[in-house]
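Trainee: what's the 3D shape of this:
(one chain, ligands or ions: 1)
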Amino acid sequence: MAKEQEEKKKKIPAWATRLPFGLCKRYGITLPDNATPRDAWNALKGRGISRREVYEKISGKEKPTGSGNKGVKEEQTKESGKTVEDLVASNRIKLSRKADKQGLTNLLNEGDEEVKDTTVKLFFDDSFGYDTKGRGYENFSPNDNHVHCRYVSVGDDPLKQATSSAVYHESWHAIDFNYGGIDRKEAYEYINRRKSEIIEEQGLPGYIKWINSGERQHEYAQKTRLTHTYVASNGKTFMETLLDETKGKGAKWATEIQERYSADREAFIKENGEEGKMKAVNKWGDISDILNGLTRGKVFVCAGHARGYWDKFGDARAAEAFAEIASAKATSPESYAILKEYIPNTVLTFEEIYDKLKSGEIKARRVE
Ligand SMILES: [Zn+2]
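Mentor: The predicted structure is shown next:
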């Protein structure tokens, strides 16, 4: 490698190679599993996001990890007396060196104080936690019951708000999964029973169809997810309220939301330059993803999931809306106001569930 090239490479910190993947996620761009950072940057180019400008913004800022961030305080949480520090002490966070405790704390601190306290408190009530060691996007894995956060940022990082929002989003997927219905052991037993039944009745082809159509996940979700099992004071689950409220709205909302998003984007770019694009996605991403689910992936404003996602996981609409309302409540009052405007009853049901989680009325289902 030429010396100049080597010099150039040195200037880009290792964590920055993960950045384009995070950006793609926030812009709802789906990449193949084997995509390289270059593929990710190329995909971003199509959205008018240039690597040079992103790097320029970040270079010269604080390092993304650790000791250099003494300015960020770790407050005791009022409600539970538990802090992120306590989460670490209780082994609920598996930390990597790059994405360290302070980095994760910073992201949680970026959220609304009260929502942060509640989120941390809920993570103490079951056997789930955070893991900053993994690669790839922020995600919640029901298999190991951890929220995986790969990108942990500090300081004036333009992605900080978006990353914080993603961490809250995944945290509330974990809460949805751990606070609902029968416990996972019972749910696995139920799924095994169903497997035997289906094979007996329809043979192996029927069983394969059951898996490939997403019916299995759907049945599993109906047994285990808070969004499917908790019946709110309106007599409906979160899922039922969401479906009632959004039925037949897709086409009308698509035009309207696209127009409002575009107008905001233009105004934000005028005001904030390149960062304005991110601001517009932060504001409109949550309702856009809900609309994307509502139209089975057909309408894409500024966020969404891969084609097939919504069908494959029959529960995904409720799970996503739940996580999106939570992350908006934590990190974006503007997005939260939009959700209230479009899906007021669903937000109300969320608030009811939130209060009951906070007061301890809804308890985690433990697996011994
Ligand atoms: Zn999600």
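
Trainee: Around residue 200, how many other residues sit close by?
Mentor: 10 (other CB atoms under 10 Å). C-beta here means a position set from N, CA and C on the backbone, and glycine is covered the same way.

Trainee: er, residue 89 actually
Mentor: 11.

Trainee: what do you get for residue 348?
Mentor: Residue 348 - counted by other CB under 10 Å - has 16 other residues nearby.

Trainee: What ranges does the stretch 51-200 of the chain have for its strands?
Mentor: 93-94, 129-131, 139-141, 146-148 (DSSP state E, counting those that start in this stretch).

Trainee: looking at the ones you listed, which is closest to residue 189?
Mentor: strand 139-141 (21.1 Å; CB to CB).

Trainee: The residue nearest to the spatial centre of the chain: what's it in contact with?
Mentor: The chain has residue 169 as the residue nearest its centroid, 3.1 Å off, counting by CA atoms, centre = their mean. By CB atoms under 8 Å, 6 or more residues apart in numbering, the contact list for residue 169 reads 138, 323-324, 326-327.

Trainee: Could you do residue 362 as well?
Mentor: Counting by CB under 8 Å, 6+ apart, residue 362 has contacts 179, 226, 230, 353, 356.

Trainee: Give me the pLDDT for the closest residue in space to residue 353 that isn't next to it in sequence.
Mentor: For residue 353, ignoring the flanking residues on the chain, the nearest one in space by CB to CB, 6 or more residues apart in numbering is residue 230 at 6.0 Å. On pLDDT, residue 230 comes in at 91.

Trainee: ok, residue 230 to residue 363 distance?
Mentor: From residue 230 over to residue 363 the distance is 11 Å, taken as CB to CB, to the nearest Å.

Trainee: quick one: which of these two has more around it?
Mentor: Using other CB under 10 Å, the more surrounded residue of residue 230 and residue 363 is residue 230, with 21 against 11.

Trainee: Tell me the buried residues in the helix or strand hosting residue 209?
Mentor: For residue 209, the enclosing helix or strand under DSSP states H and E is helix 184-212. By neighbour count on 16 or more other CB atoms under 10 Å, the buried set for helix 184-212 is 184, 187, 190, 194, 198, 207, 210.

Trainee: what's downstream of that helix, the next helix or strand?
Mentor: Next along from helix 184-212, by DSSP H and E: helix 215-224.

Trainee: so what secondary structure elements neighbour the very next helix or strand once past that following helix?
Mentor: Next along the chain after helix 215-224, taking DSSP H and E as the criterion, comes helix 226-229. Other elements packing on helix 226-229 under the criterion 3 or more CB pairs under 8 Å, 6 or more residues apart in numbering; DSSP states H and E are helix 160-178, helix 215-224, helix 238-246, helix 316-331.

Trainee: Any chance of CSV for those, columns distance to residue 202 and mean pLDDT?
Mentor: Rendered in CSV, the data for the helices and strands packed on helix 226-229 read as follows (distance: least, CB to CB, whole Å; pLDDT from 0 to 100):
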stretch, distance to residue 202, mean pLDDT
helix 160-178, 29, 89
helix 215-224, 12, 80
helix 238-246, 26, 95
helix 316-331, 25, 93
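
Trainee: Can you lay out these as JSON lines showing distance to residue 203?
Mentor: Putting the helices and strands packed on helix 226-229 into JSON lines (distance: least, CB to CB, whole Å) gives the following:
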{"stretch": "helix 160-178", "distance to residue 203": "32"}
{"stretch": "helix 215-224", "distance to residue 203": "16"}
{"stretch": "helix 238-246", "distance to residue 203": "31"}
{"stretch": "helix 316-331", "distance to residue 203": "28"}
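
Trainee: Residue 346: which element?
Mentor: Assigned by DSSP H and E, residue 346 falls in helix 344-359.

Trainee: Pull the residues that contact that helix.
Mentor: 79, 118, 121-122, 175, 179, 226, 230, 232-234, 236, 238, 241-242, 244-246, 321-322, 325-326, 329, 336, 339-340, 362.

Trainee: Quick one: distance of it to the chain centre.
Mentor: Its chain's C-alpha centre and that of helix 344-359 lie 18 Å apart, by CA atoms, centre = their mean, to the nearest Å.

Trainee: Rounded mean pLDDT for it, please.
Mentor: 97.

Trainee: That one versus helix 238-246: what angle between them?
Mentor: 160 degrees (axes from the mean of the first three to the mean of the last three CA atoms, to 10 degrees).

Trainee: So which bits of helix 344-359 are buried?
Mentor: So, applying 16+ other CB under 10 Å, buried residues of helix 344-359: 346-350, 352-354, 356-358.

Trainee: Now tabulate these in a markdown table and tack on distance to residue 310.
Mentor: Listed next are these as a markdown table, based on distance: CB to CB, whole Å:
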| residue | distance to residue 310 |
| --- | --- |
| 346 | 17 |
| 347 | 21 |
| 348 | 24 |
| 349 | 20 |
| 350 | 20 |
| 352 | 25 |
| 353 | 22 |
| 354 | 25 |
| 356 | 28 |
| 357 | 26 |
| 358 | 30 |
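
Trainee: Now do the domain split for the protein, please.
Mentor: 3-58, 66-178, 184-223, 225-359 (automatic domain parsing).

Trainee: Could you identify which of these has the lowest mean pLDDT?
Mentor: domain 3-58 (a mean of 65).

Trainee: Helix, strand, or coil at residue 234?
Mentor: coil (DSSP: H, G, I helix; E, B strand; the rest coil).
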